[in-house]
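>>> Mind looking at a prediction? Sequence and model below.
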Amino acid sequence: MKERMKSGRITVGYVIISAPPCSAQILSIKLNRDNVPLPPSRRTWGVWSYAGFWICSAINVSGFAAGASLLSLGLTMGQAMTVCVITNFLVAGAVWCTGQVGSYWHVGFPMWNRMVWGLRASYFPLANRIILSFTWTATQGWLGGQCLKVFIGSMFPSIYTMKNTMPASTYMTSADFLCFFLFTIICIPCLLIPPEHLRRPMVTIAILSSLTAIILFIWSLARSHGGGPLMKPEGLALIGVSPVRGSALAWAMFHGISSTLGGVCAGILNMSDYTRFATKPRAPLITQAIVTPIAGVLTSTIGIVLASSASEFYPTATLLWTPYDLLAAMQTYGNNGTRAAVFFASLVFTLAQLGLNIPGNCIAGGIDLASLLPKYINIRRGAYITLAISIGMCPWALMSGATAFIAVMSGYAVFLAPITGLMVFDYYFVHKQKMKLTSLYECSPSSIYYYNKGVNWRAFVAWAFGVGPAFPGFLQSVGAKVTVPSGATKLYYICWPLGFCISGVMYLSLCTLFPLPGIGEVDEEDEFQAFGDASPAVDPEGVAEPEKDLTEKEATENKVISDQPTHVNVVGAQW
């Protein structure tokens with residue numbers, strides 16, 4: 001009996017996540033090392049780390065295909081590029097706003113929303129973000145499998161003629177499923193890498209993908225002698241649309257801006273999950289201002305030029321919007337030298353999908369799940385759960401047959417934009433960029449973020465006002481049998497900026513009329529040791545702290561941060 005009890009205690013010890021050291025008596029909410037403010041020893045991402053992160057977020061299959069969605073609205077090449085420039089500068093501004101909490105207070109999206117929504121109601125935005133993590137992990141994993149199929153096909157072309165045992169109702173072939181399964185298997189060991197150690201793999205992938213994209217761009221221009229038919233307005237006939245003019249052009253551009261923002265709205269929402277790993281607060285700002293717009297615009301441009309050029313020298317193929325379709329056509333119509341080029345390019349794009357899916361989706365889901373059940377889930381376990389559930393999402397059906405579901409996911413900005421507006425207006429205008437960290441972990445009336453039994457009703461009212469105007473147009477876009485006026489459709493075309501502004505202004509108004517408690521309060525002491533010295537010893541997970549393999553420059557930057565006084569008011573004063 002004693003041996004059984006001992007064995008049971010050992011098993012439970014492996015399941016339960018150990019709590020990090022903390023001097024505050026705030027254990028009414030379970031802590032683990034991933035949901036508390038990060039100590040200096042885990043903040044290892046510098047300027048080049050964030051440059052790699054943003055390049056990985058831009059140069060991938062979805063980034064190359066982004067231009068297609070704009071041309072399909074009837075926009076010419078120049079108009080589509082104008083939309084891309086405006087959108088990417090808006091993205092840069094948005095992620096700067098949502099990233100500052102992570103840079104200065106070292107907490108992520110789940111903790112931030114406890115201040116906005118209340119300690120209990122914060123699970124509402126958290127659930128929305130978790131659902132998106134599952135979905136995008138599935139779809140980006142499927143695209144990664146397609147890149148992997150081209151890579152395998154460059155060595156073993158027989159994979160394209162592999163016997164298909166899948167019924168037509170699955171919307172895939174046996175080769176497609178095999179490669180998706182292999183890509184998922186490749187993700188498993190990658191998730192063993194803690195987020196603070198991802199900076200070097202991301203930079204490496206960013207360099208390789210950038211070089212590959214540039215080489216393909218130069219090759220296509222040289223071979224097509226100018227970029228192909230889509231460079232001219234009449235070239236839109238290739239995709240079955242006509243150029244729009246007048247007021248229709250303005251609304252098409254608004255629609256393009258909002259839909260492109262909607263594609264990255266989940267990343268905007270939880271940017272603080274990544275900026276909390278910054279060696280210093282200004283490290284993410286430099287790349288957000290420079291790398292984000294440049295990488296996004298160039299990737300969309302290259303994607304359109306590649307598809308346009310390929311329509312000239314591969315006229316029998318369909319319009320090739322994705323890199324894996326282009327590379328497969330290159331192998332089909334090329335020679336042995338082309339086959340070698342396809343080998344290296346498809347390998348890089350497979351790595352690019354890993355560079356997007358691991359930090360952007362799997363780890364994002366892991367961070368959210370670690371805050372949902374901190375006693376049993378850390379980032380690594382949460383990432384594995386996200387990956388496992390993504391398989392059950394059946395991405396082969398989502399990408400091929402469930403058009404209504406994809407429309408719902410693409411239009412999810414209707415719901416996320418108001419959440420983003422609440423977060424930004426609350427932090428900058430209501431709480432004046434101050435945060436009492438201990439109150440984020442104390443679910444009792446003594447916490448200033450407890451509000452009304454853990455719920456901030458102002459947030460729900462403002463969110464509903466932000467969702468309302470664009471919701472009828474959203475229903476129509478997903479195929480619901482509703483008839484809405486043209487004005488409602490146009491409101492849906494600008495759902496992201498509209499929802500962001502309405503919810504933010506409404507929330508600010510409600511907080512002015514019904515003031516929140518504890519505005520401007522901060523902790524008198526550094527209860528989490530997030531702003532003081534940190535020991536570079538072995539952490540509770542048994543992984544050596546990353547201080548040991550930092551460059552001399554990064555180690556110096558960390559020392560500058562760790563040398564700050566432990567009084568939290570010092571951090572707030574940086575603003």
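Done, it's in.

>>> can you count the residues close to Tyr160?
By other C-beta atoms under 10 Å, the residues close to Tyr160 number 15. For the C-beta atoms, the positions are set from N, CA and C on the backbone; glycine is no exception.

>>> Distance of the nearest residue to it once chain neighbours are set aside relative to Leu182?
Nearest non-adjacent residue to Tyr160, counting by C-beta to C-beta, 6 or more residues apart in numbering: Gly153, 5.7 Å away. Counting by C-beta to C-beta, to the nearest Å, the separation of Gly153 from Leu182 is 13 Å.

>>> again with Asp176
Distance, Asp176 to Leu182, by C-beta to C-beta: 11 Å.

>>> Need the overlap of contacts for those two.
Taking C-beta atoms under 8 Å, 6 or more residues apart in numbering as the contact rule, Asp176 and Leu182 both touch Gly145.

>>> of these two, who's got more company?
Legend: neighbour count by other C-beta under 10 Å for Asp176 and Leu182, higher for Asp176 (21 against 17).

>>> The more buried one: helix or strand, and which one exactly?
Using DSSP states H and E, Asp176 falls within helix 174-190.

>>> Same question for that helix: list its buried residues.
Buried residues in helix 174-190, counted by 16 or more other C-beta atoms under 10 Å: Ala175, Asp176, Phe177, Leu178, Cys179, Phe180, Leu182, Phe183, Thr184, Ile186, Cys187, Cys190.

>>> just stretch 243-250 next, same as before
Residues of stretch 243-250 classed as buried: Pro243, Val244, Leu249 (neighbour count, 16+ other C-beta under 10 Å).

>>> Repeat that for stretch 476-489.
For stretch 476-489, burial by neighbour count (16+ other C-beta under 10 Å) applies to Gln476, Ser477, Val478, Val484, Ala488, Thr489.

>>> how about those residues, which pair is most distant?
Using C-beta to C-beta, the buried residues of stretch 476-489 reach their maximum pairwise distance at Val478 and Ala488, which is 13.9 Å.

>>> so where's the protein shaky on pLDDT?
1-14, 17-30, 316-317, 400-410, 479-481, 532-575 (pLDDT under 70).

>>> what secondary structure does the most centrally placed residue in it sit in?
Residue closest to the mean C-alpha point of the chain, counted by C-alpha atoms, centre = their mean, is Gly267 at 3.2 Å. The assignment at Gly267 comes out as helix when based on DSSP: H, G, I helix; E, B strand; the rest coil.

>>> quick one: Thr260 from Asp325, how far?
According to C-beta to C-beta, Thr260 stands 21 Å off from Asp325.

>>> Show me the contact partners of stretch 83-94.
Residues beyond stretch 83-94 that count as contacts (C-beta under 8 Å, 6+ apart) turn out to be 66-67, 70, 75, 253, 256-257, 260-261, 264, 268, 288-289, 292-294, 296-297, 300-301, 420, 497.

>>> Would you mind listing the buried residues in that stretch?
Here stretch 83-94 shows Val83, Cys84, Ile86, Thr87, Asn88, Leu90, Val91, Ala92, Ala94 as buried, counting by 16+ other C-beta under 10 Å.

>>> Just the CA trace of that stretch, in PDB.
Extracted as PDB, the C-alpha positions of stretch 83-94 are listed here (Å, rounded to 0.1, in the frame of the first residue of the first chain):
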ATOM      1  CA  VAL A  83      -3.400  48.400 -50.100                       C
ATOM      2  CA  CYS A  84      -0.400  46.200 -49.000                       C
ATOM      3  CA  VAL A  85       1.600  49.300 -48.000                       C
ATOM      4  CA  ILE A  86      -1.300  50.900 -46.000                       C
ATOM      5  CA  THR A  87      -2.200  47.600 -44.300                       C
ATOM      6  CA  ASN A  88       1.300  46.700 -43.300                       C
ATOM      7  CA  PHE A  89       1.900  50.100 -41.700                       C
ATOM      8  CA  LEU A  90      -1.300  49.700 -39.800                       C
ATOM      9  CA  VAL A  91      -0.100  46.300 -38.700                       C
ATOM     10  CA  ALA A  92       3.200  47.800 -37.500                       C
ATOM     11  CA  GLY A  93       1.300  50.400 -35.500                       C
ATOM     12  CA  ALA A  94      -1.100  47.900 -34.100                       C
END
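
>>> I'd like the distance between Ala364 and Ser220.
33 Å.

>>> Look at the two and report which has more neighbours.
Ala364 (31 against 21).

>>> For that one, which non-adjacent residue is spatially closest?
Per C-beta to C-beta, 6+ apart, closest to Ala364 is Ser133, 5.2 Å.

>>> List the residues that contact that neighbour.
Ala266, Asn361, Cys362, Ala364, Gly365, Asp368, Thr386.

>>> mind redoing it with 6 Å?
Ser133 makes contact with Asn361, Ala364, Gly365, Thr386, according to C-beta atoms under 6 Å, 6 or more residues apart in numbering.

>>> Right, I'll leave it there.
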